[in-house]
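> Got a predicted model here, sequence first, then my questions.
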Amino acid sequence: HSDHEATGRAARAAAARAGVRCLLYPVWLWHWARPGDPRVPWEEAARIDLPPEARGRKAAAVARFVSQTEPLGPAPEEAAILPPEEIAHHLRDVEVVFP
């Protein structure tokens, strides 16, 4: 998604200017890749365990994206953009990020 790529480039540039590390959150990776996928630099991945408060905030944030998580109408082409397994991934108690 070009908007996600643009945001990533902007985040990396801002982090470089500020002299801080930028970690990338793979929004759509879990939709097309599985563990061990050779297209993904798994050896660079870092795991972040989320405390309960962070998980609650994240669940509340995901729930706000009804245009992504709920059907737009009754027709098949109006189905939710994110399937239940994708939503479940985003509600896990861990995050995986990349440098």
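Received the coordinates, thanks.
> only C-alpha atoms for contact and neighbour calcs from this point on.
Will do.
> What are the buried residues along the helix or strand that contains residue 17?
Using DSSP states H and E, the element containing residue 17 is helix 2-18. Within helix 2-18, the residues scored as buried using 16 or more other Cα atoms under 10 Å are 8, 11-12.
> Out of those, which comes closest to residue 40?
residue 8 (16.6 Å; Cα to Cα).
> ok, and the closest non-adjacent residue to the closest one?
Leaving aside its chain neighbours, residue 8 sits nearest to residue 24 (7.2 Å; criterion: Cα to Cα, 6 or more residues apart in numbering).
> try residue 11
In space, residue 11 is closest to residue 22, 7.0 Å off (Cα to Cα, 6+ apart).
> And the one you found, how far from residue 76?
39 Å (Cα to Cα, to the nearest Å).
> what does residue 69 give?
To residue 76, residue 69 is 14 Å away according to Cα to Cα.
> how about the residue minimising distance to the centre of the chain, secondary structure?
Centrality entry for the chain: nearest residue to the mean C-alpha point is residue 27, 2.6 Å, by Cα atoms, centre = their mean. Secondary structure state of residue 27, per DSSP: H, G, I helix; E, B strand; the rest coil, is coil.
> beta partners for the residue nearest to residue 8?
residue 98 (DSSP bridges).
> for this protein, what spans make up the strands?
With strands called from DSSP state E, the chain shows them at 46-49, 94-97.
> could I get those strands as TSV with mean neighbour count and distance to residue 36?
Output for the strands of the chain, formatted as TSV (neighbours: other Cα atoms under 10 Å; distance: least, Cα to Cα, whole Å):
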stretch	mean neighbour count	distance to residue 36
strand 46-49	12	15
strand 94-97	15	14
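> Of all those, which one comes closest to residue 35?
Between the strands of the chain, strand 94-97 lies closest to residue 35; by Cα to Cα that is 11.4 Å.
> The least confident helix or strand in the chain by mean pLDDT packs against which elements?
Least confident helix or strand of the chain, by mean pLDDT, DSSP states H and E, is helix 29-32 with a mean of 83. Where contact means 3 or more Cα pairs under 8 Å, 6 or more residues apart in numbering; DSSP states H and E, helix 29-32 is packed against helix 84-90.
> what comes into contact with the helix it packs on?
Outside helix 84-90, the residues that touch it by Cα atoms under 8 Å, 6 or more residues apart in numbering are 30-31, 62, 69.
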